[in-house]
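# Please work out how this folds:
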Amino acid sequence: MTKFGELIGADKPVLIDFYADQDEVENSLDTLRDVAAALGISARVIKIDIQKNETLADALRVKGNPTFMIYKNGEMKWRQTGFLDASTLIDLVKQYV
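Next comes the predicted model:
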């Protein structure tokens, strides 16, 4: 959890995708690559496997897959469960740049 605290403490937005392997078809890695490419250095895009990080997922009450969160300066700014396309995610993150 210490590493997570360091990750979300950045002064630029961090988009986190909590996913599970069985959801990889719908929760496409290509979507996140597109988001990361569009945002460049203005934000970070991270994928976290719920099954490998159960303690963190439980602490954040992640119940559905995928669950997206945006953090900035250690504070959660936005959260939603369910698949979103790249352009929607890009627009959401840009609000916090």
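
# what comes up buried for stretch 80-97?
Within stretch 80-97, the residues scored as buried using 16 or more other C-beta atoms under 10 Å are 84, 86, 89-90, 92-93, 96. In this view, the C-beta of every residue, glycine as well, is placed from N, C-alpha and C.

# so how far is the first residue of that stretch from its last?
19 Å (C-alpha to C-alpha, to the nearest Å).

# quick one: it to chain centroid distance?
Here the centre of stretch 80-97 is set off from its chain's centre by 9 Å, with C-alpha atoms, centre = their mean, to the nearest Å.

# Identify the residues contacting the residue nearest in space to the middle of the chain.
The chain has I16 as the residue nearest its centroid, 1.3 Å off, counting by C-alpha atoms, centre = their mean. By C-beta atoms under 8 Å, 6 or more residues apart in numbering, I16 lies in contact with 8, 46-48, 68-71.

# So it: helix, strand or coil?
Counting by DSSP: H, G, I helix; E, B strand; the rest coil, the backbone at I16 sits in strand.

# Dig out what it forms beta bridges with.
Here I16 sits in beta bridges with I46, M69, as judged by DSSP bridges.

# Distance check, it against G74.
Distance of I16 to G74, given as C-beta to C-beta, to the nearest Å: 13 Å.

# Mutual contacts of the two, please.
I8.

# Which parts of this protein are helices?
Per DSSP state H, the chain has helices spanning 2-8, 29-39, 54-59, 86-94. These are given in chain order.

# Just name whatever secondary elements the least confident helix or strand in the chain by mean pLDDT is in contact with.
Using mean pLDDT, DSSP states H and E, helix 2-8 stands out as the lowest-scoring helix or strand of the chain, at a mean of 86. Counting contacts by 3 or more C-beta pairs under 8 Å, 6 or more residues apart in numbering; DSSP states H and E, helix 2-8 packs against strand 14-19.

# Fine, thanks again, bye for now.
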